[in-house]
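[1] Sequence and predicted structure are below.
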Protein chains: 2
Amino acid sequence: MAETPSLRERTRRAVRAEIAAAAMRLFTEHGFDATTVDQIAAAAGISRRSFFHYFGSKEDLVMGDTAAIGESVRAALEARPADESAWTAIREAFLGLRSTHGSVKEQLVLARLYHDAPTLRARHLEKHLRWQELLAPDIQRRLGLPATEAPDPRARAFVAAALACLDAAVDAWAESGGAADPVQLFDEATALLRA
Amino acid sequence: MAETPSLRERTRRAVRAEIAAAAMRLFTEHGFDATTVDQIAAAAGISRRSFFHYFGSKEDLVMGDTAAIGESVRAALEARPADESAWTAIREAFLGLRSTHGSVKEQLVLARLYHDAPTLRARHLEKHLRWQELLAPDIQRRLGLPATEAPDPRARAFVAAALACLDAAVDAWAESGGAADPVQLFDEATALLRA
DNA sequence: GTAGATTGTTGCACCAAGTGCAAGAATGCG
DNA sequence: CGCATTCTTGCACTTGGTGCAACAATCTAC
């Protein structure tokens, strides 16, 4: 099943990983916004132009393939039992996100970056907007709303609210240095919304 | 009460209004992102450099003083009866937003701009992040959560969810061309969250 | 009205993120 | 080995945005 990637593909991935590693080093040291693409390229031993050959933007270094991750969340959501409630289903779909990216330590570093780099925060929120459209149709069904061409605003609001709970939970988890339980934080946040 | 502004202040405001008007004309015609600052400056009969003397950024043309508006929402929220529920209080505080900006027609144009200009959407979401911090303390009290130094993540999630409902409602209202009732849309969205 | 301080306007140079293009170097593959 | 493909790079350009300094306009006090 695992098609062996060509040598070119393998070296390409290796270079990508090297650039990303060099960038993360700089980001954690000087912050995301204070690090320029020129510095990253220099640290990775490539030209500025080549950097943009590997990553479409500085944000891409941190964010990964947001479209693919969004798709995986949608798939996880749609794989939940059809009669499961919207809240439960989206909760379980979100849980799958924990395993997709690197180690817990790396996730903490990323969460910290997201937390204090304004441009990253903005991109993060834009990503959630796209996810909103992606997840809304399934949620719309689970909420008992009739299927429509464009997503029902109520379903969109629901997904956005769930993502807001997720963000708040991850944020609080990052601020606690990894001590708090993000799943519990999420559950508490959603519980309070319904009270 | 109304301190007469100096001549300087009055002309400054007049110029600001002129620039904004010229910009809105270009925005509605070519879109926000496709309109450059140079074009706006040229249309307003000033230099590019002077434009940035009046507005800190292109987004400022559309967004107004976000900090001040956020403050007004916070004030409205805190002015609600102390025993009012979080949902009701924030709903009423949001209602005050309708009267602050121009006519309904202008609001529709703005909502449309927000809807299809990615950079504006991003700024809009960043603005809501700041409002989140602003409104969280009061909501935290209304939710019966103990007061803390940094806002409780549950209160932040609550405010973010309410803002998400507001956004969804305004968005759907704009898409309907002003036909739908945004207040009703908001109420339906929040009701569904609690079900 | 005029002198002087304040404020507004503008051009210039600069930074940072991107993008398109085309030349040249490196490299995988037959 | 040679050829075609791909990688890398430099260069010029766009767009938003900032700091600086010269110059013009205007307000104020005498």
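    Alright, I've got the coordinates.

[2] Tell me which other helices or strands the strand or helix carrying residue A:38 touches.
    Element membership of residue A:38 [criterion: DSSP states H and E] is helix A:37-44. Contact here means 3 or more Cβ pairs under 8 Å, 6 or more residues apart in numbering or on different chains; DSSP states H and E; on that basis helix A:37-44 packs against helix A:7-30, helix A:48-54, helix A:58-63. (Each C-beta comes from the backbone N, C-alpha and C, glycine too.)

[3] any idea which of those is most buried?
    When those are scored by mean count of other Cβ atoms under 10 Å in any protein chain shown, the highest mean neighbour count falls to helix A:58-63 (a mean of 20).

[4] now what about the helix or strand that that one is followed by, what contacts it?
    The C-terminal neighbour of helix A:58-63 among helices and strands, as given by DSSP H and E, is helix A:66-78. Applying Cβ atoms under 8 Å, 6 or more residues apart in numbering or on different chains, the external contacts of helix A:66-78 come out as A:89-90, A:92-94, A:96-97, A:100, A:127, A:130-131, A:134-135, A:138-139.

[5] Next, see if helix A:66-78 gets close to DNA strand C.
    No: in terms of Cβ under 7 Å from any atom of the strand, no part of helix A:66-78 sits within range of DNA strand C; the closest distance is 13.8 Å.

[6] Enumerate the positions of that helix that are buried.
    Neighbour counts over helix A:66-78 (16 or more other Cβ atoms under 10 Å in any protein chain shown) mark A:66, A:69-70, A:73-74, A:76-77 as buried.

[7] got TSV for these, with distance to DNA strand D too?
    Below are those laid out as TSV (distance: Cβ to the nearest atom of the strand, whole Å):
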residue	distance to DNA strand D
A:66	23
A:69	24
A:70	26
A:73	30
A:74	30
A:76	32
A:77	35
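
[8] Need those in CSV (columns: distance to residue A:9 and pLDDT).
    Output for the buried residues of helix A:66-78, formatted as CSV (distance: Cβ to Cβ, whole Å; pLDDT from 0 to 100):
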residue, distance to residue A:9, pLDDT
A:66, 22, 94
A:69, 21, 95
A:70, 24, 96
A:73, 26, 98
A:74, 27, 98
A:76, 27, 98
A:77, 31, 98
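
[9] Against residue B:163, how distant is residue A:110?
    Separation of residue A:110 from residue B:163 (Cβ to Cβ, to the nearest Å): 24 Å.

[10] of the two, who's got more company?
    Higher neighbour count among residue A:110 and residue B:163: residue B:163, with 24 against 20, using other Cβ atoms under 10 Å in any protein chain shown.

[11] list the contacts for that one?
    A:164, B:128, B:131-132.

[12] What part of chain A, helix or strand, is modelled with the least confidence?
    Here the helix or strand of chain A ranked lowest by mean pLDDT, DSSP states H and E is helix A:97-100, holding a mean of 84.

[13] residues in chain A within reach of DNA strand C, list them.
    Counting by Cβ under 7 Å from any atom of the strand, the residues of chain A that sit close to DNA strand C are A:6-8, A:11, A:35-38, A:49, A:52, A:56-59.

[14] Among the helices and strands packed on helix A:37-44, show the one with the smallest mean pLDDT.
    The minimum mean pLDDT among those belongs to helix A:7-30 (a mean of 92).

[15] now for that one, which elements pack on it?
    By 3+ Cβ pairs under 8 Å, 6+ apart, helix A:7-30 packs against helix A:37-44, helix A:48-54, helix A:58-63, helix A:104-116.

[16] That helix: how far from the chain's middle?
    Relative to the mean C-alpha coordinate of its chain, helix A:7-30 is positioned 19 Å out (Cα atoms, centre = their mean, to the nearest Å).

[17] right, is it up against DNA strand D?
    Yes: residues of helix A:7-30 are located near DNA strand D by Cβ under 7 Å from any atom of the strand, namely A:8, A:12, A:15.

[18] Reformat those as CSV; add distance to residue B:171.
    As requested, these are exported to CSV (distance: Cβ to Cβ, whole Å):
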residue, distance to residue B:171
A:8, 44
A:12, 40
A:15, 41
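
[19] For chain A, what lies in contact range of DNA strand D?
    Residues of chain A found near DNA strand D (Cβ under 7 Å from any atom of the strand) are A:8, A:12, A:15, A:46-50, A:53-54.

[20] Pull the most distant pair out of the residues you listed.
    Distance extremes for the residues of chain A next to DNA strand D: the farthest pair is A:8 and A:48 at 22.3 Å, using Cβ to Cβ.
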